[in-house]
Structures are given as C-alpha cells and as structure tokens.
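Novice: this one's sequence-less:
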C-alpha cells in the first residue's frame, strides 16, 4: 500500500472491498449476474419517485454488458451527517459487487473533525492515486474549489465523476446529487408560513449571509423569499457555528429588539435547534420554530413539541445513487443516464433529491425509518 493509502486507512479504520467483484476475467461482462437491489422497509418516508428512477436505471444497467469497473468513493467523513451517505454508498457498491460489475472502496476520515485543508489534500492525492491504480469512476463529497483541478484531470482521462452533498460546478463533473439549496430553503419557509399569525411580523432566520459558503447563502435566500412573498419582514442571523453561547445570545437580542416583533424562527442547518435556546432566552417559548436536519437535539425538541417540523436531507440516497450513476455512465452512456434521471434532473446535471418534511408528531416514526434503513446520524 502506498503512503497515501496508509494515511487514509489509519484515518478511517474502514476499507470496503465489495463482495464477489475481484475478477479480471475478460468474459466477466458476459457472466455478470443481474443486479438485485436490497428492498427497503415500507414507510411513509420512502421517496417513491426517486425509487422509481433508481429502478429504471438498474433495469437499463442490467441490459448492458461491460467488464467489472473499479469505483472510488471519497467522503468528507464516515461519521455524523455523512454516516448515511457512507451507508448508501456501501450498499450500492455491495449490490454492484455481488453482480460482478464493480470493485472499489468507500473512504473518508472516521471523524468529522478533520481539518479541511488537510482533507482536501488527502482527497486530491487519492483522486490521483485512484486513477493511477485503475479507477474508472469517482464519487466524491468535495471539500471545495481546491478539488476541481484533480477531478478535471481524471475526467480528461475519461473517468466519470459524480459529486454528492456539495456541488463543484467549477469542475467538469458529470452530475451532482443532493439538495437544491434554494428550493429546499423556500420549501422550509413555506412550512413555517403555515404556522404564523397574520402580519405584520418579523421572521428570524438562523442562516448564512457570508458569500464564502454559496450553499448556505442559497438555502437562506430561498427561505427569505418564502417569507417576503407572504408579507413578513425578515431578519437574517449569521450562524456562529463554533460558539453556541454567543450564537444564542445574539439571537436573543435580535428577538427582543425586532420591530415588528418576531412571530417565528427558522434554522437552516444542523445547529437549527439553537432557535429553541434563543426563544427561551428571550422569554418567548411559544414562538413557532422550524428547522433543518435531524441532530439529536432537534429530535429531542420535536418530541417536546418545541420544534414543529424539520427538513431532512436524503443523505442515504446521495450515497446510494453515486456508484450507480458512475457505473451507468460507463455502461450505458451519459446521455442515456440523464434521460433516466430526467424526472429529478435540473439544468441538465443537478439531481435534486428534495428533503423529507418531518412534523413534530412523526419524529419517532422517522427515527425508526432511519434506523431500519441504516441511515442514523
């Protein structure tokens, strides 16, 4: 194993070698078994439109004949928010592997605390190493713009690339799979609008305004549009992710000073639950609150009825779709894949997964669904 490989193995403690997929037999394409998807439990939270798209993609792949393909999946982390992405990617790689179509690894730091510059460096080194070792497809949750050059070099060698969770539109990546942030923000805003009293009133958004993070700005912009379209004044609070106490204290002051008064709060990220702490600090515990993601604190406040709904990204499906899309590009071609993905495809290359809207009184049912899928966070 090379030095880069040793660093990743030590960092993650996991290297998935998919089953029954080590063959280099030139006749393997003729003997590959049909892909059999693992069925998911019946649930109100299954996105049936996405499931139908995946079924169609798998059906077309099953008609194709191609030698086994080596796929490299590089994640920012295997923990926390990214754990369901790893679960989905592992499952897809396993299904492709059992059918004799793919080999590969799902790699990433075991902890989400890895310094981003170091992680970006490791990802770039692994991209180059994977290509040198024969990778024919790359799936990645990119750290940022610093990944673009390494990915473009791989693409220039004919390797399909799919980005997950965060897009890298400056690169030549083939398809992005994940949330469309402005649309998701607007949807979440409309969820809260239904709970608000008639105006005038102010809605406080625990969001993002710094252009350094475009996804955060876009999600916040979508929510703002929903409130302004409904006639409310909007106050955007810039999340202070690294300092909860300061974050809550500043929101407290903004709630107390708002004119017209605050009538509701919405949080746009995994630290959304801080809206509850701010409302309590401002002695306004009855304000309706809507959030994003499914942090344990968020689920706990939902059980108390303090958070009325949350909007959860479908990370499991991000990870699950990535290997299938890169394999599909190789086996049936990019145009054919895009035609199949068309129901969820925006601007020719953005696969919008949408979000699960979870009301407070369905929090336990949703938690059970995630547990059954293996997508706990």
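Specialist: Cool, the structure landed. Predicted, not measured: the structure shown is a model, and the values here were computed from it.
Novice: Touching stretch 287-303 from outside, list them.
Specialist: 81, 184, 188, 191-192, 195-196, 219, 255, 262-273, 275-276, 279, 306-313, 358, 360, 363-364, 366-367, 370, 377 (C-beta atoms under 8 Å, 6 or more residues apart in numbering). Placement of C-beta: from N, CA and C, glycine included.
Novice: Now it: buried residues?
Specialist: Judged by neighbour count (16 or more other C-beta atoms under 10 Å), stretch 287-303 contains these buried residues: 287-295, 297-299, 301-302.
Novice: again with stretch 369-377
Specialist: 369-370, 373-375, 377.
Novice: contact partners of that stretch?
Specialist: 40-41, 43, 45, 80-81, 83-84, 87-88, 91, 293-295, 315-316.
Novice: for these, which one is nearest residue 335?
Specialist: Nearest to residue 335, judged by C-beta to C-beta, of the contacts of stretch 369-377 is residue 88 at 25.0 Å.
Novice: Next, count neighbours for residue 99.
Specialist: When neighbours are counted by other C-beta atoms under 10 Å, residue 99 registers 21.
Novice: so how far is residue 90 from it?
Specialist: Distance of residue 99 to residue 90, computed by C-beta to C-beta, to the nearest Å: 15 Å.
Novice: cool, residue 325 as well?
Specialist: 16 Å.
Novice: what's the answer for residue 204, then?
Specialist: According to C-beta to C-beta, residue 204 and residue 90 sit 39 Å apart.
Novice: go on, residue 200?
Specialist: 51 Å.
Novice: Counting neighbours, go ahead and name the busier of these two.
Specialist: Ranked by neighbour count (other C-beta under 10 Å), residue 200 and residue 90 place residue 90 first, with 21 against 12.
Novice: Could I get the buried residue list for whichever strand or helix holds residue 131?
Specialist: Element membership for residue 131 (DSSP states H and E) is helix 116-132. Residues of helix 116-132 classed as buried by neighbour count (16+ other C-beta under 10 Å): 119-120, 122-127, 129-131.
Novice: of those, closest to residue 239?
Specialist: Nearest member of the buried residues of helix 116-132 to residue 239, counting by C-beta to C-beta, is residue 119, at 21.2 Å.
Novice: what's the closest non-adjacent residue to the closest one?
Specialist: Leaving aside its sequence neighbours, residue 119 sits nearest to residue 143 (C-beta to C-beta, 6 or more residues apart in numbering; 5.4 Å).
Novice: Where does residue 328 sit, in terms of helix or strand?
Specialist: Assigned by DSSP H and E, residue 328 falls in helix 315-332.
Novice: ditto for residue 264
Specialist: In the assignment (DSSP H and E), residue 264 maps to strand 262-267.
Novice: can you check residue 236 too?
Specialist: Counting by DSSP H and E, the element that carries residue 236 is strand 233-238.
Novice: for the stretch 101-250 of the chain, what spans make up the strands?
Specialist: 102-107, 137-140, 161-164, 175-178, 202-207, 233-238 (DSSP state E, counting those that start in this stretch).
Novice: Let's have the ones you listed in a markdown table, adding mean pLDDT, mean neighbour count and distance to residue 67.
Specialist: Shown next, in a markdown table, are the strands of the stretch 101-250 of the chain (pLDDT from 0 to 100; neighbours: other C-beta atoms under 10 Å; distance: least, C-beta to C-beta, whole Å):
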| stretch | mean pLDDT | mean neighbour count | distance to residue 67 |
| --- | --- | --- | --- |
| strand 102-107 | 92 | 27 | 10 |
| strand 137-140 | 98 | 28 | 13 |
| strand 161-164 | 98 | 27 | 20 |
| strand 175-178 | 98 | 25 | 22 |
| strand 202-207 | 98 | 26 | 48 |
| strand 233-238 | 98 | 19 | 51 |
